[in-house]
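**Q** Mind looking at a prediction? Sequence and model below.
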Amino acid sequence: MMDVAPFEQLLKQTMGLDAASIGSAVVRRAVQERLAACQLPDAQAYWERLGSSAPELQELIEAVVVPETWFFRDPASFAALARLLCEDGRPPQAQTGLRLLSVPCSTGEEPYSLAMALLEAGFPESALRIDAVDISTRALAWAQRAVYGRNSFRGSDLAFRDRYFVATAGGHSLVDEVRRWVQFRHGNLLDGLMAEAELYDVIFCRNVLIYFDRATQDRAIAVLKRLLKPRGWLFVGPSETALLSDHGFVSAKLPLAFAFRKGPAAGSETKPRAARAPTVPVRTWTPVAPAPFPLAARPRLVPTPAAMPRAAAPAEAPSAIDRARRLADQGHLADAAAHCEAHLRQHGPSAGVFHLLGLVRDASGNEEDAAEQYRKALYLEPDHHEALIHLALLLRKRGDEAGAQRLQRRASRLHQGSGA
Ligand SMILES: C[S@@+](CC[C@H](N)C(=O)[O-])C[C@H]1O[C@@H](n2cnc3c(N)ncnc32)[C@H](O)[C@@H]1O
């Protein structure tokens with residue numbers, strides 16, 4: 001059987017991927033597929049090809065990345081954003097020179113959600129610039145095309161889709177008014193990208209650190225720390241918050257927003273646990289050429305107040321689950337849990353509610369109950385990707401590495417099956 005270890009090592013060095021996070025079988029399959037695509041006889045020949053061909057290394061990276069993402073993923077992060085940006089007392093209309101970064105941006109849903117959230121909150125386009133970076137050129141091409149299928153729209157609050165997308169035969173096409181806010185670039189988070197450039201007021205770096213081992217996480221956080229302004233905000237994924245506290249970041253205390261600011265200790269370059277990361281070359285970003293995409297006539301935007309999920313006042317009384325989410329966003333965890341339980345009593349079992357309750361329990365530090373809620377979500381909906389990932393991370397945190405890997409393999413099989 002092929003020895004996949006050298007390939008795993010190469011992927012760790014180049015993109016930071018810890019093969020354990022997606023499973024060696026996924027890396028093995030990717031190598032076999034590429035080897036066949038290159039019409040090479042064996043792994044040794046493919047290894048040599050990788051050594052001499054940067055485009056082939058990129059192909060291998062494309063074969064292992066997990067581009068799973070959707071619009072307004074963890075909506076509380078987007079709801080918190082405008083509020084945090086205006087904490088200096090200036091209204092959105094008076095803000096200027098704000099710089100935001102989404103890294104990794106995957107197929108674009110995250111940076112476009114940032115644009116929609118800020119547009120909705122009243123920020124003028126001239127007030128800010130959103131950079132979006134990913135290591136996958138395929139994901140970036142998708143992002144620039146900006147036409148999305150069902151998987152990109154999850155949850156029940158999809159008013160933003162009616163407002164900012166046009167339904168076409170190929171999927172929902174994002175209007176130009178949003179697309180033009182975002183500049184996409186190819187880059188590697190571990191290359192100290194943009195080290196020479198201006199710093200950022202806001203960085204969204206969500207759901208990538210979970211694919212790195214501890215030393216690489218430390219290295220990535222050092223890069224983010226360098227890119228973030230002293231009073232800037234860093235948003236991470238739900239399972240990545242503990243890492244930031246270890247690096248001296250201080251939580252905004254908006255539980256489901258996962259927003260952090262540099263604390264006094266985070267400003268220094270010292271790293272708490274891992275050995276100093278090796279110096280990596282600073283690579284200048286290569287702007288991605290716009291994908292050929294027919295710019296059909298776009299409808300004019302009709303301002304309707306409730307377009308963004310959970311940002312504007314709803315026209316009708318919110319459901320128990322919306323209330324639960326909102327309470328959780330505001331840090332009222334006990335009340336949020338009570339609303340989830342009431343919802344379950346009234347409407348019966350629901351994977352989404354069990355998952356939310358799991359997040360609330362997790363944020364309250366009740367790991368045992370959180371795991372149980374995630375399991376219930378998976379019992380009802382075995383393909384609930386977030387529940388799989390959150391439970392995997394919880395198991396890993398509690399020392400059950402084998403269980404965590406099993407779930408992560410399920411999650412990555414799911415992703416591959418979705419063809420995203
Ligand atoms: C699961 S998606 C996360 C997307 C988005 N931030 C979100 O939370 O929905 C992970 C993305 O990380 C990208 N990625 C992996 N390693 C990277 C690296 N070293 N530098 C930049 N992007 C990377 C992958 O290409 C993939 O698109």
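**A** Thanks, I have the structure now. Residues are numbered from 1 along each chain as shown.
**Q** Which secondary structure state does the residue sitting nearest the centre point of the chain sit in?
**A** Per Cα atoms, centre = their mean, the C-alpha nearest to the average position across the chain is that of R206, at 3.6 Å. Under DSSP: H, G, I helix; E, B strand; the rest coil, the three-state class of R206 is coil.
**Q** Quick check, it in contact with F78.
**A** No. The pair R206 / F78 is not scored as a contact, 11.2 Å apart, by Cβ atoms under 8 Å. (Glycine included, C-beta is placed from N, CA and C.)
**Q** Report pLDDT for the residue nearest to the centre of the chain.
**A** Per-residue pLDDT puts R206 at 97.
**Q** what's the closest non-adjacent residue to it?
**A** By the measure of Cβ to Cβ, 6 or more residues apart in numbering, the closest residue to R206 outside its immediate chain neighbours is G237, 4.1 Å from it.
**Q** Identify the residues contacting that neighbour.
**A** Counting by Cβ atoms under 8 Å, 6 or more residues apart in numbering, G237 touches 74, 206-210, 258.
**Q** let's go with 7 Å and repeat that
**A** By Cβ atoms under 7 Å, 6 or more residues apart in numbering, the contact list for G237 reads 206-207, 210, 258.
**Q** you'd agree Y46 is up against A36?
**A** No. Counting by Cβ atoms under 7 Å, Y46 does not reach A36; the two are 9.5 Å apart.
**Q** Which one's more surrounded, the two?
**A** Taking other Cβ atoms under 10 Å, Y46 and A36 do not tie; Y46 has more neighbours (22 against 10).
**Q** Just give the closest residue to that one, not the sequence neighbours.
**A** Using Cβ to Cβ, 6+ apart, the closest residue to Y46 is L35 (4.4 Å).
**Q** And the pLDDT at the one you found?
**A** pLDDT, read off for L35, is 96.
**Q** wait, the residue nearest to the centre of the chain sits on P238?
**A** No. Counting by Cβ under 7 Å, P238 is not a contact partner of R206; they are 8.6 Å apart.
**Q** backbone phi and psi for the residue nearest to R206, please?
**A** phi -80, psi 160 (degrees, to the nearest 10).
**Q** And I130, by the same measure?
**A** According to degrees, to the nearest 10, I130 has phi -120, psi 120.
**Q** Tell me the bridge partners for it.
**A** Here I130 sits in beta bridges with L100, V182, as judged by DSSP bridges.
**Q** Could you measure from it over to A121?
**A** 14 Å (Cβ to Cβ, to the nearest Å).
**Q** which one of those two has more residues nearby?
**A** I130 (23 against 20).
**Q** wait, isn't the more buried one in contact with F184?
**A** No. At 9.7 Å, I130 and F184 do not qualify as touching, with contact defined as Cβ under 7 Å.
**Q** Which strand or helix spans V202?
**A** strand 200-204 (DSSP states H and E).
**Q** Going by neighbour count, list what's buried in whichever helix or strand comes after that strand.
**A** For strand 200-204, the following helix or strand on the C-terminal side (DSSP H and E) is helix 214-227. Residues 215-225, 227 are the ones in helix 214-227 that count as buried (16 or more other Cβ atoms under 10 Å).
**Q** for stretch 383-401, same thing?
**A** With the criterion 16+ other Cβ under 10 Å, stretch 383-401 contains buried residues 384-396.
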